[in-house]
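S.K.: This is the structure alone, sequence omitted:
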């Protein structure tokens, strides 16, 4: 006969192995907040309800685990997940829905009466979210593993990142109220983050009585920390960039700097420690300069983190790659590459050290952004920070980079603000390719017009590129990719193989990578959703296998005379055409007409009082000659 007590005993024995890491409670809770949240959580409706086990992490009080057990594996999980009293998973999810008002909850359903037949399901329900996510596989783990995997999960990253973006706006307003210049805000942030790496500073910063003493100590700590790995002129340049902290009048006011350090430690430093290898400074830089509109003036458009991550997968970055970015910015591409390479090193400490010191290189022209790039790399444990403050077109700089024998080049070049004076984006691509090893991969994200032009200087650059290098692919990017930077530039990604002239019969892969699954939110701009992981996988797989798919990708032989974009060559996928799709695009078109003053009003009346049959089964291609004979 099935006995639920046997199942409970299996679970109890498992978690008792880790009782030093957690508080295990059964059918009750001594924590008042949990008890209050469960006051209406009865599985049968009305009154209190408690799961078999409530497990609280001692290291992270915001994370709790609830476990529901059933003896019979047939009662593990219902198809509708709403038979709370009958099924283990259903019951665990019910309790998680109540507790997720204040906690991040891992709901575990367990069924079976021996280890051989035991069924285990995990669902993560984050605080404030309306939906849970299947996660962690089908075996019970240690408390340490649960905590680590929860913190590293895409769901938790997205939640924490959204909070970080909200805080970036709060911090920006705070710095604005203190009259800190936009150009100095990211430097101040990076200086504080570097100083917080020093335990002595972190322990003592709240104890300084005079603001000027704290400011001096902060700058001295930054210099001391960086000097352990950075020497000579580079160190002197960095010190000069941070010296304004000592003299800024607002930072000299009582408690201003101290409170800033405290807020940054709480909201940003914790994120960096939890989610490693994320270009946090780049995202704050975007926010700090957004309202000054300075990015447009300088042509600076920082690459979103999911795109820097995409580059590493398209290029096939591995532990032996040597990566170069000749337009380093805040170091976003290098940080994503470092993460990928370190993951591939599989905890080999010697190899990780080699990656950080000898396999990541960049060049940044602007002094203040160079300081951000160096500090960003340092914060992410790349102490050597092989980033050159200089001009990537300088012969000495190019010679120096060639010595490192880079195998992969990533870049997002400055976008032209002055059409007559500024350097063409494709010239930066040529420059990056020039220093790569033969057969190396260069991936660049550039304005779409660079791929479309068929005359003038850009056309000549396209010819030169194909004379020296192979154009492997061009991917059309989402239209609003850079909307968080207030930039409306339509872009594409170009992928080249270095120093191998483009064969005349070579087919180039063109991808219509317009939908990355991101959504726009008022407070955070374009925000990642759980769709991105599967979309990225499809993008990378399709590129690697050069798959042609109607409405998504095509392979085509091209020359410099052609337009390099998927839209020109790929077949239309009429399979997506339905009534809803049709109406949606009509509305987009009407919106376009209104915005451009081509339409004065819109009527809600239907032009046709009948439905149009959009059945495409018998549709065929035709030429204009068939309907308009010459």
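M.R.: Okay, I see it. Note that the structure is predicted; figures quoted are calculated from it, not measured.
S.K.: got the end-to-end distance for stretch 325-336?
M.R.: Terminal residues of stretch 325-336 are spaced 12 Å apart (C-alpha to C-alpha, to the nearest Å).
S.K.: actually stretch 20-31, sorry about that
M.R.: 18 Å.
S.K.: contacts for it?
M.R.: Here stretch 20-31 makes contact (C-beta atoms under 8 Å, 6 or more residues apart in numbering) with 8, 12, 15-16, 35, 38, 50-59, 65, 142-144, 147. (C-beta placed from N, C-alpha, C; glycine too.)
S.K.: Sort out for me which of these are in helices.
M.R.: 8, 12, 15, 16, 35, 143, 144, 147 (DSSP state H).
S.K.: any chance of these in a markdown table, with pLDDT too?
M.R.: Below are these laid out as a markdown table (pLDDT from 0 to 100):
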| residue | pLDDT |
| --- | --- |
| 8 | 91 |
| 12 | 93 |
| 15 | 93 |
| 16 | 93 |
| 35 | 87 |
| 143 | 92 |
| 144 | 91 |
| 147 | 90 |
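S.K.: Out of these, grab the one that's most surrounded.
M.R.: Counting neighbours by other C-beta atoms under 10 Å, residue 143 leads the ones in helices among the contacts of stretch 20-31 with 22 neighbours.
S.K.: Contacts only, for that one.
M.R.: Residue 143 neighbours (C-beta under 8 Å, 6+ apart): 15, 18, 21, 22, 55, 57.
S.K.: Next one: it from residue 55, what distance?
M.R.: For residue 143, the distance to residue 55 (C-beta to C-beta, to the nearest Å) stands at 7 Å.
S.K.: Closest one to residue 217 out of the contacts of residue 143, please.
M.R.: residue 57 (35.2 Å; C-beta to C-beta).
S.K.: Pretty sure residue 64 is one of the things that closest one touches, is it not?
M.R.: Yes: shown here, residue 57 and residue 64 form a contact pair, counting by C-beta atoms under 8 Å, at 7.1 Å.
S.K.: quick one, which of those two is more surrounded?
M.R.: A count of neighbours by other C-beta under 10 Å puts residue 64 above the other of residue 57 and residue 64, at 26 against 20.
S.K.: quick one, what contacts that one?
M.R.: Here residue 64 is in contact with 34, 54, 55, 56, 57, 99, 103, 104, 105, 106 (criterion: C-beta under 8 Å, 6+ apart).
S.K.: Need the overlap of contacts for residue 143 and residue 55.
M.R.: Joint contacts of residue 143 and residue 55 (C-beta under 8 Å, 6+ apart) are 15, 22.
S.K.: any idea of the mean pLDDT for stretch 261-276?
M.R.: Mean pLDDT, computed over stretch 261-276, is 84.
S.K.: buried residues in it?
M.R.: By 16 or more other C-beta atoms under 10 Å, the buried positions in stretch 261-276 come out as 261, 263, 264, 265, 267, 268, 269, 271, 272, 275.
S.K.: Go through those and name the one nearest residue 558.
M.R.: Distances from residue 558 to the buried residues of stretch 261-276, taken by C-beta to C-beta, are shortest for residue 275, at 40.1 Å.
S.K.: Tell me who's in contact with residue 254.
M.R.: residue 211.
S.K.: how would you label it: helix, strand or coil?
M.R.: Of the three states, residue 254 takes coil under DSSP: H, G, I helix; E, B strand; the rest coil.
S.K.: switch to numbering from 23
M.R.: Understood, numbering begins at 23; the last thing we discussed is residue 276.
S.K.: That one and residue 71, how far apart?
M.R.: 51 Å.
S.K.: Next one: residue 181 from residue 643, what distance?
M.R.: 47 Å.
S.K.: same thing with residue 482?
M.R.: 36 Å.
S.K.: any chance of the contacts of residue 165 in JSON lines, plus distance to residue 268?
M.R.: What follows is those, written out as JSON lines (distance: C-beta to C-beta, whole Å):
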{"residue": "37", "distance to residue 268": "53"}
{"residue": "40", "distance to residue 268": "49"}
{"residue": "43", "distance to residue 268": "44"}
{"residue": "44", "distance to residue 268": "47"}
{"residue": "77", "distance to residue 268": "49"}
{"residue": "79", "distance to residue 268": "42"}
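S.K.: So which of those belong to strands?
M.R.: Within those, residues falling in strands by DSSP state E are 44, 77, 79.
S.K.: Please name the bridge partners of the last one.
M.R.: What that stands for is residue 79. residue 44 (DSSP bridges).
S.K.: how about the nearest residue to residue 113, chain neighbours excluded?
M.R.: residue 90 (3.9 Å; C-beta to C-beta, 6 or more residues apart in numbering).
S.K.: Confirm the one you found sits in a strand?
M.R.: Yes: membership of residue 90 in a strand is supported by three-state DSSP.
S.K.: give me the number of residues near it?
M.R.: Residues near residue 90, counting by other C-beta under 10 Å: 27.
S.K.: Residues in a beta bridge with it, which ones?
M.R.: Beta-bridge partners of residue 90, as defined by DSSP bridges: residue 131.
S.K.: In contact with it, which residues?
M.R.: 73, 74, 110, 111, 113, 114, 117, 129, 130, 131, 132.
S.K.: My read is that the fifth one contacts residue 107, right?
M.R.: What it means is residue 113. Yes: counting by C-beta under 8 Å, residue 113 does reach residue 107; the two are 6.9 Å apart.
S.K.: that older thread, hmm, which two among the contacts of residue 90 are most spread apart?
M.R.: 117 and 132 (13.7 Å).
S.K.: list the helices and strands the helix or strand residue 191 falls within packs on?
M.R.: Residue 191 is part of helix 176-199, with elements assigned from DSSP states H and E. When contacts are defined as 3 or more C-beta pairs under 8 Å, 6 or more residues apart in numbering; DSSP states H and E, helix 176-199 sits against helix 204-217, helix 278-286, helix 292-296, helix 302-312, strand 547-549.
S.K.: one more time with 7 Å
M.R.: Counting contacts by 3 or more C-beta pairs under 7 Å, 6 or more residues apart in numbering; DSSP states H and E, helix 176-199 is packed against helix 292-296, helix 302-312.
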